[in-house]
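# Sharing a sequence plus its predicted fold:
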Amino acid sequence: MDEILRRIEDTYGSLTEPNFSSVAAGLESRPYDRLAEEIGTVFKVAEDVDPDDDHGFMYGLERGGRRWVLWLSLVGPYAAFARVSNAWDTILTQATPDLSDEERWLVHKVSQAGLKPLTQDELERPIDLRLFNVEWGSTKVFHALFTDSPGLPWDKETLRRLGLI
């Protein structure tokens, strides 16, 4: 976890006054296009990136009536991969015991590309990073690595309360 926190601080330069220029440059240079093309040979891939809020690339994946989400960070060599229904159901890593063949294939491809799929515990770790849309004091590693959108996409209780699912 120390390595993740160090990369976050190195990328932003400051936790209280972060500089997002390297993220903006990464969004322009599109470093994950080749990996997304490879993933597209197995899954139907739909990119969904908001350059104002996102710190990486988010891909919706489908295959055989099943859905997943894959985030690839521009802050460090990290990924978040999850099964999806109306919210994130299960965050997947190589240690997830019930991976399907296509999930195992995707985790391998992401790892082969030098990215580490993070666990829910790692993604939920608090960090004192000041972002625009996440309330100060509630920022998690997920927000720092992937998006400045408030909330966590697997927090179904909050999503229900807000009427989002």
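Cool, got the structure.

# Please, where are all the strands along the chain?
44-47, 56-63, 66-73, 78-84, 88-91, 116-117 (DSSP state E).

# Among these, single out whichever gets nearest to Ser100.
strand 66-73 (8.0 Å; CB to CB). Heads up, the C-betas are built off the backbone N, CA and C, glycines and all.

# Not counting its own residues, what contacts the closest one?
The contact list for strand 66-73 (CB atoms under 8 Å, 6 or more residues apart in numbering) reads 32, 35, 39, 43, 55-62, 78-85, 88, 92, 103, 106, 110, 115, 145-147, 153.

# Any of those residues buried? List them.
Among the contacts of strand 66-73, those scoring as buried are 32, 35, 39, 43, 55-59, 61, 78-84, 88, 92, 103, 106, 110, 115, 145-147, 153 (criterion: 16 or more other CB atoms under 10 Å).

# What is the least confident helix or strand in this structure?
Sorting the helices and strands of the chain by mean pLDDT, DSSP states H and E puts helix 156-161 at the bottom, at a mean of 80.

# Output that helix as CSV, nothing but the C-alphas.
The C-alpha coordinates for helix 156-161 follow below in CSV (Å, rounded to 0.1, in the frame of the first residue of the first chain):
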residue,chain,number,x,y,z
LYS,A,156,-25.0,-0.2,-2.9
GLU,A,157,-26.6,1.2,0.2
THR,A,158,-25.5,4.7,-0.6
LEU,A,159,-26.4,4.3,-4.3
ARG,A,160,-29.9,3.1,-3.3
ARG,A,161,-30.3,6.0,-0.9
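
# Show me which residues of that helix are buried.
Buried, per 16+ other CB under 10 Å, within helix 156-161: 156, 159.

# how distant is that helix from the center of its chain?
With CA atoms, centre = their mean, to the nearest Å as the basis, helix 156-161 stands 19 Å off its chain's centre.

# residues in contact with it?
By CB under 8 Å, 6+ apart, the surrounding residues in contact with helix 156-161 are 87, 151-153, 165.

# any chance of these in CSV, plus distance to Phe132 and pLDDT?
Shown next, in CSV, are the contacts of helix 156-161 (distance: CB to CB, whole Å; pLDDT from 0 to 100):
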residue, distance to Phe132, pLDDT
Ala87, 23, 88
Gly151, 14, 85
Leu152, 17, 91
Pro153, 18, 90
Ile165, 24, 71
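
# Please type out the ChimeraX selection for whichever of the residues you listed turn out to be buried.
Buried subset of the contacts of helix 156-161, written as a ChimeraX selection, criterion 16+ other CB under 10 Å:
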select :87,151,152,153
